[in-house]
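Engineer: got a sequence here, can you model it:
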Amino acid sequence: MQFAVIDIGSNAVRLLFANANGDIDNIIVDKASLIRVPLRLGKDVFNNSKISKAREKKLIKTMKAFKILIGVMEPYKVRAYATSAMREAKNSNKIIKHINNEIGISIEIISGSKEAEIIREINKMIFTNPQYIQLMVDVGGGSTEISAEKNGKLIKLKSFEIGTIRMLNNNYDTGIWDEITDWLSEFRKEKGRINVVGSGGNINKIKKIFGNSSGITLSTETLKQTIETLEPLSIEDRIKNYNMRKDRADVIVPAAKIFYHIQEVLQSDIIHVPKIGLSDGMVHQLYKEFLQEVENE
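Structural biologist: Below you'll find the predicted structure:
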C-alpha cells in the first residue's frame, strides 16, 4: 500500500512516496521515491521571524508540483507536516491557509515533541533490546529532537532550539549546549547500555562518506575526524572533494558538531545511523492508522 508524505523542514521540503506493509507489530516501510527541494525557510524565519515573499512563492510552486506528482502516483493517503521554521514564522498560518485553499494540500504544523515521537515510533521497530536505553537524536535545520526510551516506554523527550540553519546564521543561544548537557547527564551512568540513534540527511551523508560501507554504525572518533576534515575547507572544496550538494556542504559541519557534543556528553563510542527520519515515521504512522481503522470496522 502506497502513501505520500510531505515534510516541510527548515532546510528542505520533501515529498516521499513509500510502500508500507506488515502487521501492527511489524510494519515495514519501503521508500519508492523521494523529491527534495532546498528552500531554506529557516534562513528567513530565524533572522526575520517570518517567511519572505520570495520563499513563500517558491514554497507555493513546490506544493503545486508535489500536487501534480501525487495526482499521478495516486497514493492511498497523503499527509503534510511542517516543523521548526513554520512553527516560528509569524506568517505561517496565512501561508498554510493559502496553500490549502489554492492547491488543496492541508498542512499541519507539529510540535518538536510530536516530531520526536514520530521518529521514535519507527526507530523502536529496529532496536528492540530491552536492556538498552534507545536515545533517538534527529538534527534538523531549526531544532534538535532527542527522545529516550527503555522497554518500549518513553523516559524523556525534548526539542532543543538548535539546528544546522540556526548554527549557520548564529541564530541560537550559546547556552543551549549546557542545556543539552544537563538534560543528558542522567544517562551517563548508563554508559555501555545506550544505543544512540541518529537521523537526518547530514548524519546519513557523514556515514556514507566517512563511515564503513557495511553496517549501520558510525564511530564517535569518525565523527570527530569529519569535523576536523571538513571545517577548514571552503564550501566549494567540500562540494568538489566529496561530491556534496551546496545545500548539504554548508550545514554538514554544524550537524556533525551537534551529534558529536551529544556523543561526548554520553561518552558513547558509536552512533547508529539506520537512514530513517521524519518522512519514514510519517508513513509508518499513516499505515498504523490504516491497520487500526481496518481492525475497528
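Engineer: hang on, V283 packs against A20?
Structural biologist: Yes: applying Cβ atoms under 8 Å as the test, V283 and A20 come out as touching, 5.6 Å apart. Placement of C-beta: from N, CA and C, glycine included.
Engineer: more neighbours, these two?
Structural biologist: More crowded of V283 and A20, by other Cβ atoms under 10 Å: V283, with 28 against 21.
Engineer: three-state assignment of the more buried one?
Structural biologist: The three-state assignment at V283 reads helix, by DSSP: H, G, I helix; E, B strand; the rest coil.
Engineer: please apply the same query to the one 3 residues further on.
Structural biologist: For L286, the secondary structure call by three-state DSSP comes out as helix.
Engineer: list the beta-bridge partners for V197.
Structural biologist: M136, H272 (DSSP bridges).
Engineer: I'd like to know how far S106 sits from K275.
Structural biologist: Taking Cβ to Cβ, to the nearest Å as the measure, S106 falls 28 Å from K275.
Engineer: okay, the two: which has more neighbours?
Structural biologist: Neighbour count, other Cβ under 10 Å: between S106 and K275, K275 has more, with 14 against 11.
Engineer: the longest helix in the protein is where?
Structural biologist: Using DSSP state H, we find that the single longest helix of the chain is helix 53-73.
Engineer: for the spatially most central residue of the chain, give me its contacts.
Structural biologist: The centroid of the chain falls nearest to G200 when counting by Cα atoms, centre = their mean (4.3 Å). Neighbour list for G200: D138, V139, G140, A255, G277 [criterion: Cβ atoms under 8 Å, 6 or more residues apart in numbering].
Engineer: do that again at 6 Å, thanks
Structural biologist: D138, V139, G277 (Cβ atoms under 6 Å, 6 or more residues apart in numbering).
Engineer: report the contact partners of the second one.
Structural biologist: When you say that, I think you mean V139. Per Cβ under 6 Å, 6+ apart, neighbours of V139: G200, A255, I258.
Engineer: what do you get if the cut-off is 8 Å, keeping everything else the same?
Structural biologist: Counting by Cβ under 8 Å, 6+ apart, the residues that V139 touches are G163, T164, G198, S199, G200, N202, I203, A255, I258, F259.
Engineer: about what we covered before: tell me the strands beside whatever helix or strand comes next after the longest helix of the chain, with direction?
Structural biologist: Sequence-wise, the next helix or strand downstream of helix 53-73 (DSSP states H and E) is strand 77-82. Sheet pairing of strand 77-82 (DSSP bridges) gives strand 2-8 (parallel), strand 107-109 (parallel).
Engineer: for stretch 103-115, measure first residue to last.
Structural biologist: Stretch 103-115 has an end-to-end distance of 25 Å (criterion: Cα to Cα, to the nearest Å).
Engineer: contacts for that stretch, please.
Structural biologist: Contacts of stretch 103-115 (Cβ under 8 Å, 6+ apart): 6, 8, 60, 63-64, 66-67, 78-84, 86-87, 92, 96, 99-100, 118, 138, 140, 143, 145, 157-160, 278.
Engineer: pull out the buried members of those.
Structural biologist: Among the contacts of stretch 103-115, the ones that count as buried by 16 or more other Cβ atoms under 10 Å are 6, 8, 63, 66-67, 78-84, 86-87, 92, 96, 99, 118, 138, 140, 143, 145, 157-160, 278.
Engineer: where along the stretch 51-200 of the chain do the helices fall?
Structural biologist: 53-73, 84-88, 92-103, 112-123, 164-168, 176-184 (DSSP state H, counting those that start in this stretch).
Engineer: of all those, which one is nearest F46?
Structural biologist: Relative to F46, the nearest member of the helices of the stretch 51-200 of the chain by Cβ to Cβ is helix 164-168, separated by 5.4 Å.
Engineer: the residue nearest to the centre of the chain and K156, how far apart?
Structural biologist: G200 is 20 Å from K156, by Cβ to Cβ.
Engineer: need the pLDDT of the closest residue to N11 other than its chain neighbours.
Structural biologist: Closest residue in space to N11, ignoring its immediate chain neighbours: G141 at 3.5 Å, by Cβ to Cβ, 6 or more residues apart in numbering. According to the prediction, G141 has pLDDT 94.
Engineer: G141 contacts V251, correct?
Structural biologist: Yes: using Cβ under 8 Å, G141 is in contact with V251, at 7.2 Å.
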